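**Q** Here is my input; please provide its structure:
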Amino acid sequence: MRLIHCSYHKCLTVFFSRVMHGVFPFGGYGHFESRIEDFQRDNGKYRISSLNNHVLDFELLAADDRVSRFIRDPRDLVVSGYFYHKRGAEAWCRIRDPREENLRAVNGRVPRAMQKGECIAECLQRLDVEEGLMAEIDFRSNHFDSMLAWPENDSRVVVYRYEDILGQERETMQRIAVHLKVEIWRRWMMGFWAMKYSAQQQTKKTEHIRNPESAQWKKHFTNRVDEYFQSRHPELLVKLGY
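**A** Modelled structure (predicted):
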């Protein structure tokens, strides 16, 4: 039985990784970011593995594999990613003239607004907020396409919404532990580490969490940004139930 977790950049990926490293401290957990080829080759080496920004190939899953999945309102992913990438928080944000292979670790696309000699952080700093959010939508295109490709009903997969997890991190992780069929003592540990690394506990301790609140898009999405998003991903919000 393989145990797999899937999420998206700025959707509790660091939280989940920290919890799992606490539960499996001696190499039982492997996080592959968005490196899908590495994941497909090596995920079987770990008791539990995680992958971001991709849909799994369900033809490669066995009947007894178990998958947990976190989703978040795509518009909030855009807002959170925009402010995070604008400050150059990760090394790939600071690569000048990036190509698709430079963004493979996050499965991103080069925004249309990029100018020669710029890195993504500089691009977002140059643009106003409206244009910057549209550039972030471009960057996220692969993520949003993958969201549409997930099957709606599969007994191997349990789905939790970001909006429902916040404030319920302990309970959520323990429910996931039951789905993944891990030992009872590990279920307790998942709850313990989930409380320690909850958004409420971590917001003031790390710059990684700018603002964990939901529905931030209502403050930042203008009509133009909303139309841009809807024109490129018209089915996405309905598919995810937002």
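
**Q** count of neighbours near residue 86?
**A** Neighbours of residue 86 under the rule other CB atoms under 10 Å: 20. (C-beta placed from N, C-alpha, C; glycine too.)

**Q** Relative to residue 54, how far out is the residue lying closest to it once chain neighbours are set aside?
**A** Of all residues not flanking residue 86 in the chain, residue 124 sits nearest, at 4.1 Å (CB to CB, 6 or more residues apart in numbering). Separation of residue 124 from residue 54 (CB to CB, to the nearest Å): 24 Å.

**Q** Mind checking which of those two has more residues around it?
**A** Comparing residue 124 with residue 54 by neighbour count (other CB under 10 Å), the higher total belongs to residue 124, at 28 against 21.

**Q** Work out for me the element the more buried one sits within.
**A** Assigned by DSSP states H and E, residue 124 belongs to helix 120-126.

**Q** For that helix, give me every contacting residue.
**A** If you take CB atoms under 8 Å, 6 or more residues apart in numbering as the criterion, helix 120-126 is touched by 82, 85-88, 92-95, 98, 111, 113-115, 118, 132, 135-136, 139.

**Q** same thing with stretch 161-180?
**A** 3, 5, 11-12, 15, 19, 48, 66, 68, 70-73, 76, 158, 160, 186-188, 190-195, 197-200, 212, 214.

**Q** buried sites along it?
**A** Using 16 or more other CB atoms under 10 Å as the test for burial, stretch 161-180 gives 161-162, 165-166, 169-170, 172-177, 180.

**Q** in this structure, which spans are strands?
**A** Applying DSSP state E to the chain gives strands spanning 3-7, 29-31, 48-52, 66-71, 157-161.

**Q** Export only the CA atoms of the last one, formatted as CSV.
**A** Extracted C-alpha coordinates of strand 157-161, given in CSV (Å, rounded to 0.1, in the frame of the first residue of the first chain):
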residue,chain,number,x,y,z
VAL,A,157,-8.9,9.6,-2.4
VAL,A,158,-10.0,11.8,0.5
VAL,A,159,-10.3,15.6,-0.1
TYR,A,160,-10.1,18.4,2.4
ARG,A,161,-10.7,22.1,1.7
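
**Q** the inter-axis angle of it versus strand 66-71?
**A** Between strand 157-161 and strand 66-71, the angle comes out at 20 degrees (axes from the mean of the first three to the mean of the last three CA atoms, to 10 degrees).

**Q** All set now, cheers.
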